[in-house]
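Asks: below is the structure, and that's it, no one-letter string:
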């Protein structure tokens, strides 16, 4: 793995869980009453980000539901990184207007991803034609092959672009993440052979060392995670800890080393939990993320009692 954690290739930050919609598949319980951060907390998090970030993805919730906070974040990111970081925005597009688009471009956003083209979202893609015309009128080129899964120099992609995607049973939220409302509603992938750690937004390569996918970490509000679904206990608190310091610390731990390898079935070997035992546990729970949760509950409590804040447990519906 890498040794310089003050450089992060990709960073995904859910800075709000406030949203104008309340989708049944939402892994972080976003909605009209979604959890929020103060502007002071967001500014503290920005100060704790790595000194060099290739791309920074701002997401929610719905970022435009907290437009004033979003603008403040963009202004501070511009002050800190200038043009050295590509800023990407994930939005459902519901609240986007020409005036808002102009402001976002002015404040440094160069990539827009409309993450709502699926059956779970309110409009399910019905506004796509209108959004396409809006982007075209501002010189934002259409690029339906989103750059999220690509490695490379993101600063070479600074020309304005946009794309769209959505949740399906095979990819992204609807098919994989046994979290939040998706867990409550039973919309999660029941396949013990599916290793979510090995795909983008999983934990593989969050500490670096591999060339097949970007090195990416996730911050859910303030929780520093190796993956977007998040481990049962976060690695640290971005409001109070330097992310580079947190990554350097977890890089010494065999559990997080195995997650970086994309091999969660081996994360307990140092404790005598064999791969065969781990796969049997995953078979019983039918999902690798649920097995990871159970493993953390049993074997990683010392991280929780050492200052790591426990995430709330969401019970599955009976028979889910």
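Replies: That came in fine, so what should we check first? Every value quoted in this text rests on a predicted model; they were computed, and no experiment measured them.
Asks: run the chain-centre distance for stretch 295-302.
Replies: 22 Å (Cα atoms, centre = their mean, to the nearest Å).
Asks: return the set of buried residues in that stretch.
Replies: Residues 295-296, 300 are the ones in stretch 295-302 that count as buried (16 or more other Cβ atoms under 10 Å). The C-beta positions use only the backbone N, C-alpha and C, and glycine is treated the same way.
Asks: mind listing what's buried along the helix or strand harbouring residue 103?
Replies: Using DSSP states H and E, residue 103 maps to helix 98-106. Neighbour counts over helix 98-106 (16+ other Cβ under 10 Å) mark 100-101, 104 as buried.
Asks: following the lengthiest helix in the chain, which helix or strand comes up?
Replies: Secondary structure of the chain read by DSSP state H shows that its longest helix is helix 67-81. Later in the chain than helix 67-81, the nearest helix or strand by DSSP H and E is strand 86-91.
Asks: so the residue of the chain most remote from its centre versus residue 20, what's the distance?
Replies: The outermost residue of the chain relative to its centre, with distances by Cα atoms, centre = their mean, is residue 272 at 31.0 Å. Distance from residue 272 to residue 20, counting by Cβ to Cβ, to the nearest Å: 49 Å.
Asks: for residue 98, same thing?
Replies: 18 Å.
Asks: residue 199 too?
Replies: To residue 20, residue 199 is 28 Å away according to Cβ to Cβ.
Asks: go on, residue 228?
Replies: In terms of Cβ to Cβ, residue 228 sits 21 Å off from residue 20.
Asks: swap in residue 284?
Replies: Distance of residue 284 to residue 20, computed by Cβ to Cβ: 38 Å.
Asks: more neighbours, these two?
Replies: The neighbour comparison of residue 284 against residue 20 (other Cβ atoms under 10 Å) goes to residue 20, with 16 against 11.
Asks: what about the nearest residue to residue 22 once chain neighbours are set aside, how many residues nearby?
Replies: Sequence neighbours aside, residue 31 is the residue nearest to residue 22 in space, at 3.7 Å (criterion: Cβ to Cβ, 6 or more residues apart in numbering). For residue 31, the neighbour count with other Cβ under 10 Å is 19.
Asks: and residue 31, backbone torsions?
Replies: phi 170, psi -170 (degrees, to the nearest 10).
Asks: same deal with residue 271?
Replies: Main-chain torsions, residue 271, degrees, to the nearest 10: phi -100, psi 0.
Asks: that one reaches residue 299, doesn't it?
Replies: Yes - using Cβ atoms under 8 Å, residue 271 makes contact with residue 299 at a distance of 5.9 Å.
Asks: test my guess that residue 134 contacts residue 100.
Replies: No - contact criterion Cβ under 8 Å: residue 134 and residue 100 do not qualify, at 9.8 Å.
Asks: can you name the residues bridging to residue 12?
Replies: Residue 12 has these beta-bridge partners by DSSP bridges: residue 57, residue 218.
Asks: I figured it hits residue 223, correct?
Replies: No - using Cβ under 8 Å as the test, residue 12 is too far from residue 223 to be in contact (11.9 Å).
Asks: what ranges does this structure have for its strands?
Replies: Assigned by DSSP state E, the chain shows strands spanning 7-14, 52-59, 86-91, 109-115, 141-142, 161-165, 216-220, 223-225, 236-237.
Asks: mind putting the ones you listed in JSON lines, distance to residue 249 included?
Replies: Shown next, in JSON lines, are these (distance: least, Cβ to Cβ, whole Å):
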{"stretch": "strand 7-14", "distance to residue 249": "15"}
{"stretch": "strand 52-59", "distance to residue 249": "19"}
{"stretch": "strand 86-91", "distance to residue 249": "28"}
{"stretch": "strand 109-115", "distance to residue 249": "31"}
{"stretch": "strand 141-142", "distance to residue 249": "41"}
{"stretch": "strand 161-165", "distance to residue 249": "34"}
{"stretch": "strand 216-220", "distance to residue 249": "13"}
{"stretch": "strand 223-225", "distance to residue 249": "11"}
{"stretch": "strand 236-237", "distance to residue 249": "8"}
